[in-house]
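Engineer: A predicted structure for the sequence below; I have some questions about it.
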Amino acid sequence: MMKGSFMRILCFALAMVGFGSTLTAQTAVNDDLTPTIQPQQYRICNDRPERPAWAEALPIREAWKGLTLRGLYELRAWESIAATEDCSCAVRFPDWAAAEDEYQKSYAGLTQGEQTALRRQLRASQNAIAERVEAICKAQGNW
């Protein structure tokens, strides 16, 4: 009886040690073990422009609008990279104004289903140039 209780406690202790180590690995902490709130750091191009405020503040039921805007933004950036063969941070992550303007003028009035179909088209266009853009950006160390 004593041996079974000891084994359960040992298994629980080992599980807690493993659980604690995964939490520590996911959360940035200082030397004194307090969590830190650091701004998001990317592997490349940390000075990216912020998305338009309205896209960040969308209610969850309208998040599809933000997805369409992001798809449009990414495609236009990739098209620019392919056309200029320049993958600098300013080209890869341009200001959102042009994509936002295009979205508002051409796509904001579309229904959710229509925007879903549009996002498929945007993704297909992006996939068509993906290999070229990746090669350009890798060659310039910005992938």
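Structural biologist: Arrived safely.
Engineer: CA atoms only: put stretch 124-131 into CSV for me.
Structural biologist: Extracted as CSV, the C-alpha positions of stretch 124-131 are listed here (Å, rounded to 0.1, in the frame of the first residue of the first chain):
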residue,chain,number,x,y,z
ALA,A,124,-3.6,31.8,-55.4
SER,A,125,-1.9,34.9,-56.8
GLN,A,126,0.6,35.0,-54.0
ASN,A,127,1.3,31.3,-54.4
ALA,A,128,2.0,31.9,-58.1
ILE,A,129,5.0,34.2,-57.3
ALA,A,130,6.0,32.6,-54.0
GLU,A,131,9.1,30.7,-55.3
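Engineer: What residues sit buried inside that stretch?
Structural biologist: By neighbour count, with 16 or more other Cβ atoms under 10 Å as the criterion, the buried positions of stretch 124-131 are 126, 129. Bear in mind the C-beta positions are built from the backbone N, C-alpha and C, glycine included.
Engineer: Need the contact partners of that stretch.
Structural biologist: For stretch 124-131, the external contacting residues (Cβ atoms under 8 Å, 6 or more residues apart in numbering) are 71, 74-75, 78-79, 82.
Engineer: Report the buried residues of the longest helix seen in the chain.
Structural biologist: Under DSSP state H, the helix in the chain containing the largest number of residues is helix 112-139. The neighbour-count check on helix 112-139 (16+ other Cβ under 10 Å) flags 115, 118-119, 122, 126, 129, 133, 136-137 as buried.
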